[in-house]
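*Asks:* show me how the following folds:
(chains A and B)
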Amino acid sequence: GDSVTQMEGPVTLSEEAFLTINCTYTATGYPSLFWYVQYPGEGLQLLLKATKADDKGSNKGFEATYRKETTSFHLEKGSVQVSDSAVYFCALSDQGDFNKFYFGSGTKLNVKP
Amino acid sequence: DTAVSQTPKYLVTQMGNDKSIKCEQNLGHDTMYWYKQDSKKFLKIMFSYNNKELIINETVPNRFSPKSPDKAHLNLHINSLELGDSAVYFCASSQDREAFFGQGTRLTVV
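*Replies:* As a prediction, the model looks like this:
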């Protein structure tokens, strides 16, 4: 079955550090891939997405590239801010089962001033 | 305008009680969901409806019963609440393989 695996947290970085959160997936079809962010006390918000291989999703300085050969969708940001502190979820929606979203376990990011 | 809204935001209740959480979306989406998020932030899908029809029903106790009066609403009723039901419950809707989430309902069973 489909699944998403992402690196365990928490990840603690200093402001302006480089961020990578790893995400790999297993899917039977051709999934769309997503990163969602959850700020404290709030719901999940879509951060970025990619719908086909080699697509790059980007938003607010975050980027992720859909790598079919490595079944990965790693999230990166060149310089994190304290306001980026949140929980980040990698997710997929499979072409064959588009109503169902599979989420990773979430990675908590703490950015210190 | 709030796209996916759920009420209440907080719910504290005693074991054995029955409670409901309401969800409404104004996005015109066909599909709605209920997710449960545990204390470790893990998200587990519970139910999904498409145009008022139940399409996903994961392994969830019978005490949980979703109801969709129309495609803009998906409510969750929970009977005989147990301590283990304490969690944050998220409603979501989707169209074209992109999901939008509500703010969550933090349920605490004491």
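*Asks:* could you use CA atoms for every contact and neighbour count after this?
*Replies:* Fine.
*Asks:* all strands of chain B, in order?
*Replies:* B:4-7, B:10-13, B:19-25, B:31-37, B:43-50, B:53-57, B:64-70, B:73-78, B:87-95, B:98-101, B:105-109 (DSSP state E).
*Asks:* tilt between the fourth one and strand B:43-50?
*Replies:* For the pair strand B:31-37 and strand B:43-50, the angle between their directions (axes from the mean of the first three to the mean of the last three Cα atoms, to 10 degrees) equals 160 degrees.
*Asks:* how about strand B:31-37, does it get close to chain A?
*Replies:* Yes - using Cα under 8 Å from any Cα of the partner chain, we find that strand B:31-37 touches chain A at B:Thr31.
*Asks:* can you give me how far that strand is from the chain middle?
*Replies:* Here the centre of strand B:31-37 is set off from its chain's centre by 5 Å, with Cα atoms, centre = their mean, to the nearest Å.
*Asks:* repeat that for the longest one.
*Replies:* Offset of strand B:87-95 from its chain centre (Cα atoms, centre = their mean): 6 Å.
*Asks:* in its sheet, what does that strand sit against?
*Replies:* strand B:31-37 (antiparallel), strand B:98-101 (antiparallel), strand B:105-109 (antiparallel) (DSSP bridges).
*Asks:* returning to what we had before: comparing the strands of chain B, which yields the minimum mean pLDDT?
*Replies:* Lowest mean pLDDT within the strands of chain B: strand B:53-57, a mean of 84.
*Asks:* could I get the CA-only coordinates of that one as CSV?
*Replies:* Only the C-alpha atoms of strand B:53-57 are listed here, as CSV (Å, rounded to 0.1, in the frame of the first residue of the first chain):
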residue,chain,number,x,y,z
GLU,B,53,-21.6,9.1,0.3
LEU,B,54,-19.2,7.3,2.7
ILE,B,55,-16.2,6.2,0.7
ILE,B,56,-13.5,5.6,3.4
ASN,B,57,-14.2,4.1,6.7
